[in-house]
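A.B. asks: Prediction below, plus the sequence it came from.
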Amino acid sequence: MARVFRSITLALALLLPAAGVAQSTQDHNFNVAKNIDIFNAIYRNLDMMYVDTLNADEVIGTGVNAMLRSLDPYTVYYPASEVKDLKLMITGKYAGIGALIRYNAKLKRVVIDEPYINTPAAEAGLKKGDIILSIDDSVTTDKDVAYVSSHLRGDAGTTFALKILRPGTGKTLIKKITRRPIQMPAIPYYGIMEENIGYINLNSFTEGCSKDMRRAFIDLREQGISALLLDLRGNGGGSLEEAVQIVNMFVPKNLTLVTTKGKLARANREYKTTKEPIDTEMPIVVLVNGETASASEITAGSLQDLDRAVVLGTRTYGKGLVQTPLDLPYNANLKITTGKYYIPSGRCIQAINYKHSRGGYTEHIADSLTKVFHTSGGREVRDGGGIKPDVEIMPDSLPNIAFYLGSTGRDTTEVMFEYELDYINSHPTIAPAREFDLSDSDYEEFKRRVIASGFTYDPETEKALRSLKKLATFEGYYDGAKAEFEALEAKLKHDIGRDLDRNKEVLKNMMRADIVAAYYFQSGAIENALPTDKQIKEAVALLRDAGRYNSILGK
């Protein structure tokens, strides 16, 4: 009898956990159904009884977006009218004219900032500074960038009339332009730097970018490069598959690069290298910064984990989440986070935990809570918080005056923009992109214009001093330190001319990039900036020093 009792007890012990799981699932399903019914009932009654007529798309869309905001910033609902934005993000393609536009705070109009090479905008002869007056019958007075952009885009093959005013000439021009598919270049520039060091700027992981990368690298290798600098700064990522293909260029076949894990079995995948590599020996430095994210981090992190490249720059963004587009009824779409990804060492570099309770909040993973993993050669690396560079090099910081002069809408005088336009209009040609520079007399003319324009900006030191004076007065310390405060205030007094002299090189670099782009497009602007880029200089020095490079990788 005792033996039978023990058997029954054991059976119950085995069944109870299963019963508990089943009950938990039933409770969850009931709560889901209950809350969906409540949501439906609320909207039905609002639609029937609310004092004003409701726009269902707007009200329910607001409810959906509020729900998604409690999850993470990558789970996004796209109604049918916005699905094209999702396709642009995934493919890098859209139908339009191929030009960067900006808002001119002085004119209160949208203007052309930079036509892209080999696009309808460039072929129609649009230039930097052209003021957009109308698009067909749509007058663009007092319209913002989003409005103008949406009207410049459209179905491929459609033709429209673009009316512009060309500054410097006073002429009004009408351009007949036919929209066509625009493919944003994943590699806006590649070339050879000094001492046979190749440089590739990869700015997105859109469809087909691995083929572009392969072509660029093979071309550089045929030109005789002996080392490679891969620039992923500012690259927000994209296709995971493209990242795997790019890493496969430099590491052997049949390596597991990425593992994704999620709630559903179909979200669990392994991504392996499937091809023979092009080159497994050439020294590589990968440049990264805080805007290097997602597929870019997979690329940089995989090359780091496999001891195939040195990562240089600043810590990356830290996005270790995987999204999957999901078709919804009525041509809508939901980009939903379905799992996390893990790179070769086994680490996930997600920097933020998204908590879903209390309406959702974020929790940054502290360095002290990260775990140690190891590269294939035994070097220590950590999860959480993005990819930490092997060599940390901070970029030159942007001074406050440069931020105000160069940022759209910050400077209502638009004095830098107008100086650049006048320079372009008075110079039919300029030196080759890499050689072009502004002379000291050019800069003195710019400085004179800034001072004469009445340009002002809000210096952070003066703001901080005012706050400190208020606090000192409140706590009763100001009177005793009044002389010191006044002396410091005199030293920090706003002086535009002095600030322009102190930040001359930074401001010249900014204007050079804008001016060169008007002649040689985006590729020229990148090429021109390379010699003065602090992180580029450090990367080149590292690639020249084989001993230091190998010691970093533990070779």
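C.D. replies: Sure thing, it's come through. Since the model is a prediction, treat every value here as computed from it, not as a measurement.
A.B. asks: remind me which residues of the stretch 451-555 of the chain are low pLDDT?
C.D. replies: For the stretch 451-555 of the chain, the stretches flagged by pLDDT under 70 are 459, 492.
A.B. asks: At which residues are the strands of it located?
C.D. replies: Under the criterion DSSP state E, counting those that start in this stretch, the stretch 451-555 of the chain contains no strands.
A.B. asks: Can you show me the helices along it?
C.D. replies: Using DSSP state H, counting those that start in this stretch, the helices of the stretch 451-555 of the chain run over residues 460-474, 482-491, 496-502, 504-529, 534-544, 546-552.
A.B. asks: again with the stretch 301-450 of the chain
C.D. replies: Using DSSP H, counting those that start in this stretch, the helices of the stretch 301-450 of the chain run over residues 400-406, 415-426, 440-453.
A.B. asks: How many neighbouring residues does residue 302 have?
C.D. replies: 28 (other Cβ atoms under 10 Å). Yep, even glycine has a C-beta here, placed from its N, CA and C like the rest.
A.B. asks: wait, what's in contact with it?
C.D. replies: 243, 247, 251, 257-258, 308, 343-344 (Cβ atoms under 8 Å, 6 or more residues apart in numbering).
A.B. asks: In this protein, where is pLDDT below threshold?
C.D. replies: For the chain, the stretches with pLDDT under 70 are 1-23, 92, 356-365, 368, 409, 459, 492.
A.B. asks: just to revisit the earlier point, relative to residue 34, which of the contacts of residue 302 is nearest.
C.D. replies: The closest of these to residue 34 turns out to be residue 258 (Cβ to Cβ; 38.6 Å).
A.B. asks: so that closest one sits right up against residue 240, yeah?
C.D. replies: Yes: with contact defined as Cβ atoms under 8 Å, residue 258 counts as touching residue 240 (6.4 Å).
A.B. asks: shared neighbours, these two?
C.D. replies: 271, 298, 341.
A.B. asks: got a list of what the first one touches?
C.D. replies: So the one you mean is residue 271. Residues near residue 271 by Cβ under 8 Å, 6+ apart: 240-241, 244, 256-260.
A.B. asks: Grab the nearest non-local neighbour of it.
C.D. replies: Nearest residue to residue 271, sequence neighbours excluded (Cβ to Cβ, 6 or more residues apart in numbering): residue 258, at 4.2 Å.
A.B. asks: nearest to residue 161, of the helices of the stretch 451-555 of the chain?
C.D. replies: Per Cβ to Cβ, nearest to residue 161 of the helices of the stretch 451-555 of the chain: helix 504-529, 24.1 Å.
A.B. asks: Check which helix or strand residue 48 maps to.
C.D. replies: helix 2-49 (DSSP states H and E).
A.B. asks: Just say helix, strand or coil for residue 161.
C.D. replies: Following DSSP: H, G, I helix; E, B strand; the rest coil, we place residue 161 in the strand state.
A.B. asks: That one: neighbouring residues, count only.
C.D. replies: 12.
A.B. asks: in the sheet, who's paired with it?
C.D. replies: Here residue 161 sits in beta bridges with residue 176, going by DSSP bridges.
A.B. asks: and it, what does it touch?
C.D. replies: Going by Cβ under 8 Å, 6+ apart, residue 161 touches 134-136, 174-177.
A.B. asks: how about CSV for these, with neighbour count added?
C.D. replies: Listed next are the contacts of residue 161 as CSV, based on neighbours: other Cβ atoms under 10 Å:
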residue, neighbour count
134, 17
135, 21
136, 11
174, 10
175, 17
176, 9
177, 22
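A.B. asks: Quick one: end-to-end length of stretch 119-133, please.
C.D. replies: One end of stretch 119-133 to the other measures 21 Å (Cα to Cα, to the nearest Å).
A.B. asks: hang on, I meant stretch 260-273
C.D. replies: Separation of the first and last residues of stretch 260-273 by Cα to Cα is 15 Å.
A.B. asks: Buried ones in that stretch, by neighbour count?
C.D. replies: By 16 or more other Cβ atoms under 10 Å, the buried positions in stretch 260-273 come out as 260, 262, 271, 273.
A.B. asks: hang on, the third one in a strand?
C.D. replies: Yes: in this structure, residue 271 lies within a strand as judged by three-state DSSP.
A.B. asks: Number the residues from 25 up from this point.
C.D. replies: From this message on, residue numbering opens at 25, which makes the last subject residue 295.
A.B. asks: residues near the closest residue to residue 528 other than its chain neighbours, how many?
C.D. replies: Using Cβ to Cβ, 6+ apart and skipping the chain neighbours, the partner closest in space to residue 528 is residue 467 (6.1 Å). Using other Cβ under 10 Å, residue 467 has 18 other residues around it.
A.B. asks: how about residue 467, what does it touch?
C.D. replies: Counted by Cβ under 8 Å, 6+ apart, residue 467 has contacts 528, 531-532.
A.B. asks: Could you export those as CSV, including distance to residue 121?
C.D. replies: Shown next, in CSV, are the contacts of residue 467 (distance: Cβ to Cβ, whole Å):
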residue, distance to residue 121
528, 36
531, 31
532, 31
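A.B. asks: Please give the element, helix or strand, for residue 243.
C.D. replies: helix 233-246.
A.B. asks: contact partners of that helix?
C.D. replies: 116, 209-211, 214-216, 222, 224, 226, 252, 262-263, 266, 269-270, 273, 302-303, 306.
A.B. asks: Can you give me the distance of the residue nearest the centre of the chain to residue 142?
C.D. replies: Computing the C-alpha centroid of the chain and ranking residues by Cα atoms, centre = their mean puts residue 260 first, at 4.1 Å. The span separating residue 260 from residue 142 equals 24 Å under the rule Cβ to Cβ, to the nearest Å.
A.B. asks: picking up where we left off before, mind giving me TSV with the helices of the stretch 475-579 of the chain and columns for distance to residue 137?
C.D. replies: Compiled in TSV, those are given as follows (distance: least, Cβ to Cβ, whole Å):
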stretch	distance to residue 137
helix 484-498	27
helix 506-515	38
helix 520-526	23
helix 528-553	8
helix 558-568	25
helix 570-576	39
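A.B. asks: residue ranges of the strands in the stretch 325-474 of the chain, please?
C.D. replies: 334-337, 345-351, 357-366, 376-379, 385-388, 396-398, 404-406, 415-416.
A.B. asks: on that earlier part again, just flag the most distant two among the buried residues of stretch 284-297.
C.D. replies: The widest separation within the buried residues of stretch 284-297 (Cβ to Cβ) is 22.3 Å, between 286 and 297.
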